[in-house]
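Asker: Kindly return the folded structure for what I paste below:
(one chain, ligands or ions: 1)
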Amino acid sequence: MNDPILVLNCGSSSIKFALVSTSPDQPRLAGLAERLGGEEARLTGVDGAGHEFSCPLHGASHTEAMAAIFERLEGLHPVAVGHRIVHGGEQFTQAARIDDVVVAAIKATTALAPLHNPANLAGVKATLELFPDLPQVAVFDTAFHQTLPPRAYRYALPEGLYRNHGIRRYGFHGSSHAYVSARLDALSGRLHGGWLIAHLGNGCSTCAVWQGHSVDTSMGLTPLEGLVMGTRSGDVDPGLHAHLARQLGWSLERIDTLLNKESGLLGLSGLSNDMRRLEQAAAEHHAGAELAIEVFCYRVAKSLAALSCTLPRLDGIAFTAGIGENASAVRARVIEQLPHFGLRLAAKANAATVGGREGRIDLDQGGPQLWVIPTDEEGRIAEETRQLLQEHPYDAT
Ligand code: ADP
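Answerer: Numbers count the residues shown, from 1 in each chain. Got it, this is the predicted structure:
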């Protein structure tokens with residue numbers, strides 16, 4: 001394996017990892033340590049030969065789980081570690097080599113991502129403890145969207161909240177949107193075009209990209225804004241908070257749980273947050289599932305239409321992530337609701353481009369193109385890590 005980069009995505013009780021080589025044909029060693037701190041803790045994944053593995057970790061901490069992950073690498077020594085860091089605030093417009101200053105800056109943005117950044121930093125700390133000589137790089141989910149102009153990132157709130165407290169729109173899923181937009185540039189024959197990207201997974205966001213730069217996106221201060229998601233509501237009337245507090249006596253924590261964990265596809269359907277399950281139920285005429293899918297698709301179409309006004313020219317739309325890559329019926333319903341874009345969906349290609357396939361799904365009649373691009377956030381994080389260390393080789397020793 002050529003100079004592999006270990007990519008880590010650390011949550012409060014989990015570590016997702018992947019060992020990414022420069023060779024695209026090399027099977028990727030990847031896996032997940034989960035339920036850390038509890039007796040049920042486990043490490044599962046796929047090794048470099050494509051075989052699945054699973055072993056107990058018995059109450060392991062982040063540091064112990066990290067040691068177990070390094071053992072699993074079976075002599076394949078990473079040359080660097082790339083960490084997914086959710087929030088980089090306004091300070092980080094690109095990846096950064098991790099040192100004390102960068103750690104302090106990530107800590108300083110904790111107020112903006114109270115659940116994610118401390119967990120991401122726990123992973124950084126564990127890796128530094130175990131492998132102090134290994135270069136480590138922070139790749140921020142927000143960085144790709146730092147090119148948004150003020151008209152897109154400012155809320156219509158008093159300026160002091162922005163200046164003194166960083167209240168603005170940041171956007172997330174940056175590594176995914178950056179990866180997909182780079183693939184579109186490489187594949188479409190329309191270099192530096194205007195693209196709309198719909199990342200539809202458990203978390204969902206849209207992004208408008210002009211000449212390789214994010215110019216607007218649907219997520220905001222937090223990943224709650226925008227589209228309907230698995231369990232997140234996306235946009236609601238901001239007056240809802242005061243209404244629930246006054247009329248039902250709900251606390252902030254209760255409202256937060258409602259909007260982040262009990263809403264979205266789950267809340268609308270009363271059944272599940274999983275699109276596969278909802279598609280099955282809708283086929284059996286489950287009214288909640290039918291409504292959830294209808295609202296989901298309408299809100300994606302509405303968001304794409306809204307973002308299109310930032311683009312001088314629309315070269316096409318790309319779908320990615322679990323739903324975007326697999327749910328061809330969802331893609332068709334979204335496209336159907338954008339008739340004024342002149343999109344021509346190729347029904348056969350749409351139905352066939354699932355299960356990790358990459359390809360065009362339009363009739364190729366000269367209008368905006370339609371693409372399915374399987375996302376590769378780990379690959380993008382590894383690439384940014386590699387690039388940063390190549391550009392600053394003296395830092396990398
Ligand atoms: P995450 O945001 O957690 O990475 P994913 O990108 O894996 O999530 O997307 C998960 C979503 O993708 C779920 O709603 C799941 O039902 C949906 N999905 C995965 N495969 C299919 C499929 N074949 N058909 C429809 N939906 C699918």
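
Asker: alpha carbons only for contacts and neighbour counts from here, please
Answerer: OK.

Asker: neighbours of the residue nearest to P312 when sequence neighbours are not counted, just the number please.
Answerer: In this structure, P312 finds its nearest non-sequential neighbour in G194, 7.2 Å apart by Cα to Cα, 6 or more residues apart in numbering. Residues near G194, counting by other Cα atoms under 10 Å, number 26.

Asker: Which residues are in contact with M229?
Answerer: Listed by Cα atoms under 8 Å, 6 or more residues apart in numbering, the contact set of M229 reads L200, G201, N202, G203, C204, G264, L265, N273, F296.

Asker: can you tell me how far A318 sits from the ligand?
Answerer: To the ligand, A318 is 14 Å away according to Cα to the nearest ligand atom, to the nearest Å.

Asker: Would you mind listing what in this structure touches the ligand?
Answerer: Within the chain, the positions near the ligand by Cα under 6 Å from any ligand atom are G201, N202, G203, D274, M275, R276, A321, G322, I323, N326, A327.

Asker: Could I get those residues in TSV, plus columns for secondary structure and neighbour count?
Answerer: Shown next, in TSV, are these (DSSP: H, G, I helix; E, B strand; the rest coil; neighbours: other Cα atoms under 10 Å):
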residue	secondary structure	neighbour count
G201	coil	17
N202	coil	18
G203	coil	21
D274	coil	17
M275	helix	23
R276	helix	14
A321	helix	23
G322	helix	22
I323	helix	22
N326	helix	25
A327	coil	21
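
Asker: wait, what's in contact with the closest residue to P56 other than its chain neighbours?
Answerer: Spatial nearest neighbour of P56, excluding adjacent residues (Cα to Cα, 6+ apart): R42 at 4.4 Å. Contact analysis of R42 by Cα under 8 Å, 6+ apart lists A33, E34, R35, L36, S54, C55, P56, L57, H58.

Asker: quick one: which of those has the most company?
Answerer: A33 (27 neighbours).

Asker: Which pLDDT value goes with H392?
Answerer: If you check H392, the pLDDT there is 79.

Asker: any idea how far the ligand is from it?
Answerer: H392 is 31 Å from the ligand, by Cα to the nearest ligand atom.

Asker: neighbours of that residue, just the number please.
Answerer: Neighbour count of H392, defined by other Cα under 10 Å: 12.

Asker: Next: H165.
Answerer: For H165, using other Cα under 10 Å, the count is 11.

Asker: which residues of this structure fall in strands?
Answerer: Using DSSP state E, the strands of the chain run over 5-10, 15-20, 29-34, 42-46, 52-56, 80-85, 96-97, 136-140, 194-200, 204-210, 213-217, 316-320, 359-360, 369-372.

Asker: would TSV of those with mean pLDDT and distance to L258 be doable?
Answerer: Formatted as TSV, the strands of the chain follow (pLDDT from 0 to 100; distance: least, Cα to Cα, whole Å):
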stretch	mean pLDDT	distance to L258
strand 5-10	95	24
strand 15-20	94	26
strand 29-34	94	25
strand 42-46	94	29
strand 52-56	93	33
strand 80-85	96	25
strand 96-97	96	35
strand 136-140	97	27
strand 194-200	98	21
strand 204-210	98	17
strand 213-217	98	23
strand 316-320	98	27
strand 359-360	98	37
strand 369-372	98	32
